[in-house]
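**Q** Prediction below, plus the sequence it came from.
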Amino acid sequence: MKQTMVLLLAVVVAAGAFATGRAETEAPEDYPTRSIELVVPWGAGGRTDINARMFATIAPSYLGQPMVVVNRAGGGSVIGGQYVAEATPDGYTLIAITPGTNVFPVVFGRAPYDTFDFTPIGQIGSSTMAIASRPDRPWSSVRELVQYARANPDQVTYACVTLSGPQLGFLRWAEAAGLEFSHVPVGNDAEAVEAALGGHVDIAMTSSVATITSHVNTGALKAIMVFSERRDTAVPDTPTATEMGWNVVASPFTGIAGPKGMPEEVTRKLREVFMQVMEDQDFQTLLQRVGESFDPKDGDEFYQVWVNDFEGYSGIIERMGL
């Protein structure tokens, strides 16, 4: 557990180092010399907040300075995002980041900053988005679903939150497959699942496979496809979109970042520590306890996740006039 604390701490601190476009702040050799603010751009109690507070509780023992979690919610996470994007890039202001902060608000033109106005330190985890149907539907596999949808354009219904990660991921796949579906808006994943279970829609598209696992295990729903890079262990027999031939990866991430312009020395040091944290068995156990899907990536890989999401979602939004 002690080793875990060191590494976790680094993750959070690391959040600011990948500099692009902003003049770098000189890194003091004894950094840090004061408390570090870890911004959560959402309200307290959510998944991002829980992860941030886990980091902030463990990190100070190894940083030698306090780490204070501050919830700066509002504007669909834009308020907190702007606060960090405009902060002095000295390593003392970090953010627990998800695509809801640096991807979706930007591609919809609702953010006063850019997707890449942050320093990617590393990805901690990602959610497996999935589509599921009742077993009494006219298909039992994604190939059969495609055949049915192609023969019945715009007749197959799917439920998910409007203009969210699940819908945009679904639309990217539908476009790649050349299919047309009918969208039924709901307020959250639970409502999408309930709509599918009740037979009110044909497909539930959810932001996390965890919302359908229990129903898949009882046979009430069948997982048709997931949108992660690899198959999810919760539904190991369910194929990914990529292995079925569609170049679509849509997995909402959780990670650590900071403003652009972080000193290279701080970036390098904290990225190294970040990966040590990711490899620590105690840390992995902590993530499992809070239900986080562990999918670690270093800073450069995390940056590529941002690129993939930004390009993929921007393209579908533009092409569909959203």
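**A** Received it, and whenever you're ready, just let me know what you need.

**Q** Can you tell me which helices and strands the host helix or strand of R271 packs against?
**A** Element membership for R271, per DSSP states H and E: helix 264-279. Contacts defined by 3 or more C-beta pairs under 8 Å, 6 or more residues apart in numbering; DSSP states H and E place helix 264-279 against helix 2-14, strand 118-126, helix 299-319. In short, each C-beta sits where N, CA and C put it, glycine included.

**Q** try 10 Å this time
**A** For helix 264-279, the elements it packs on are helix 2-14, strand 118-126, strand 253-259, helix 281-289, strand 294-297, helix 299-319, judged by 3 or more C-beta pairs under 10 Å, 6 or more residues apart in numbering; DSSP states H and E.

**Q** could you redo these as JSON lines and give each row distance to T162, mean pLDDT and mean neighbour count?
**A** Listed next are these as JSON lines, based on distance: least, C-beta to C-beta, whole Å; pLDDT from 0 to 100; neighbours: other C-beta atoms under 10 Å:
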{"stretch": "helix 2-14", "distance to T162": "33", "mean pLDDT": "39", "mean neighbour count": "24"}
{"stretch": "strand 118-126", "distance to T162": "22", "mean pLDDT": "89", "mean neighbour count": "28"}
{"stretch": "strand 253-259", "distance to T162": "21", "mean pLDDT": "91", "mean neighbour count": "28"}
{"stretch": "helix 281-289", "distance to T162": "30", "mean pLDDT": "74", "mean neighbour count": "15"}
{"stretch": "strand 294-297", "distance to T162": "26", "mean pLDDT": "89", "mean neighbour count": "19"}
{"stretch": "helix 299-319", "distance to T162": "13", "mean pLDDT": "93", "mean neighbour count": "17"}
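
**Q** and of the ones you listed, who's closest to E272?
**A** The minimum distance between E272 and the helices and strands packed on helix 264-279 falls on helix 2-14, with 7.8 Å, by C-beta to C-beta.

**Q** any idea which helix or strand comes after that closest one?
**A** strand 36-40.

**Q** thinking again about what came up before, of the helices and strands packed on helix 264-279, give the one that comes closest to F181.
**A** Comparing the helices and strands packed on helix 264-279 under C-beta to C-beta, the one sitting nearest is helix 299-319, at 13.6 Å.

**Q** returning to that earlier point: please find the angle between the direction vectors of the helix holding R271 and helix 281-289.
**A** 70 degrees (axes from the mean of the first three to the mean of the last three C-alpha atoms, to 10 degrees).

**Q** which residue is nearest the middle of this structure?
**A** Geometric centre of the chain, nearest residue: F253, 1.9 Å, by C-alpha atoms, centre = their mean.

**Q** quick one, what contacts A174?
**A** Residues in contact with A174 (C-beta atoms under 10 Å, 6 or more residues apart in numbering) are V146, A149, V156, Y158, E180, F181, H183, W246, V248, I316, M320.

**Q** if we go to 6 Å?
**A** The contact partners of A174, by C-beta atoms under 6 Å, 6 or more residues apart in numbering, come to F181.

**Q** Now find how far off-centre the strand or helix carrying it is within its chain.
**A** In the assignment (DSSP H and E), A174 maps to helix 165-177. Mean C-alpha position of helix 165-177 versus that of the full chain (C-alpha atoms, centre = their mean, to the nearest Å) differs by 16 Å.

**Q** Where does the prediction get shaky in the chain?
**A** The model of the chain has pLDDT under 70 over residues 1-28, 290-292.

**Q** what does the domain assignment say about it?
**A** The chain breaks down by automatic domain parsing into domains covering 2-126+252-319, 130-226.

**Q** closest one to P236 among those?
**A** Among the domains of the chain, the nearest to P236 by C-beta to C-beta is domain 130-226 (9.8 Å).

**Q** give me the number of residues near the nearest residue to L145 once chain neighbours are set aside?
**A** Once flanking residues are discounted, L145 sits nearest to W139: 4.2 Å by C-beta to C-beta, 6 or more residues apart in numbering. Residues near W139, counting by other C-beta atoms under 10 Å, number 19.

**Q** isn't W139 right up against Y148?
**A** Yes. Counting by C-beta atoms under 6 Å, Y148 is a contact partner of W139 at 5.3 Å.
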